[in-house]
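> Sequence first, predicted coordinates after that:
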Amino acid sequence: MKKEKEQGEVIIAPRYVELQSPIIFLAGPIRGAADWQGQATEYIKRKKPQLNIASPRRLLITQDDFPEPMFVEQINWEHYHLRMAAESGVILFWLAKELDHRCDRSYAQTTRFELGEAAAIHRFTGAKVVVGIENGFTGGKYIRKTLAGKYPGIPVCSSLEETCDMAIKLYRRPR
């Protein structure tokens, strides 16, 4: 039996790391949300330190839009790591409630698009996806109902811890 390595990588945008093992990608709101990615990373690492995690939340977040080169770098990083997680890992969505409202941008607009894309990829390739919805996330009731009806293979959870536990479980289960 192959022994798992002691410590997995935590890959934070915009850094790339070549890995031979799967990743859990932390998908969900950044701007306007609490640092749930940091909480999820700590929780998963406490339970399973050998797992690899990719977090799009940069160490420095500004309230302004990224300049064009940084925007392109971020999108490319996210697309690459989402693809890696879809192919051999887990895409973990945490739909955190909005803490800081911005009138010039719909909350979680990118996350909602990525969730639809991940659901379609799950349907056609069997990619492992888990979704957690925090109480107070706008549209959460609709998303929960739609996923249950159209994508019953995608677990839907109610707490960040439950969502992380499900991602850990899916990480180990072969397709």
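That came in fine, so what should we check first?

> burial count for Arg123?
14 (other C-beta atoms under 10 Å). In short, each C-beta sits where N, CA and C put it, glycine included.

> mind checking which helix or strand it is in?
helix 109-125 (DSSP states H and E).

> Now the element after that helix, going C-ward?
Helix 109-125 is succeeded, C-terminally, by strand 128-133 (DSSP H and E).

> That next one pairs with which strands, parallel or anti?
strand 90-95 (parallel), strand 156-157 (parallel) (DSSP bridges).

> In PDB, could you pull the C-alpha coordinates for the first one?
Going back to what we said before, that points to strand 90-95. C-alpha atoms of strand 90-95 as PDB (Å, rounded to 0.1, in the frame of the first residue of the first chain):
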ATOM      1  CA  VAL A  90     -12.400  17.800  -5.300                       C
ATOM      2  CA  ILE A  91     -14.000  21.200  -6.000                       C
ATOM      3  CA  LEU A  92     -15.300  22.500  -2.600                       C
ATOM      4  CA  PHE A  93     -17.800  25.400  -2.800                       C
ATOM      5  CA  TRP A  94     -18.600  27.400   0.300                       C
ATOM      6  CA  LEU A  95     -21.300  29.900  -0.400                       C
END
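
> Identify the residues contacting it?
22-29, 36, 40, 82, 85, 108, 111, 114-115, 118, 127-134, 137, 140, 143, 160, 163-164, 167, 170-171 (C-beta atoms under 8 Å, 6 or more residues apart in numbering).
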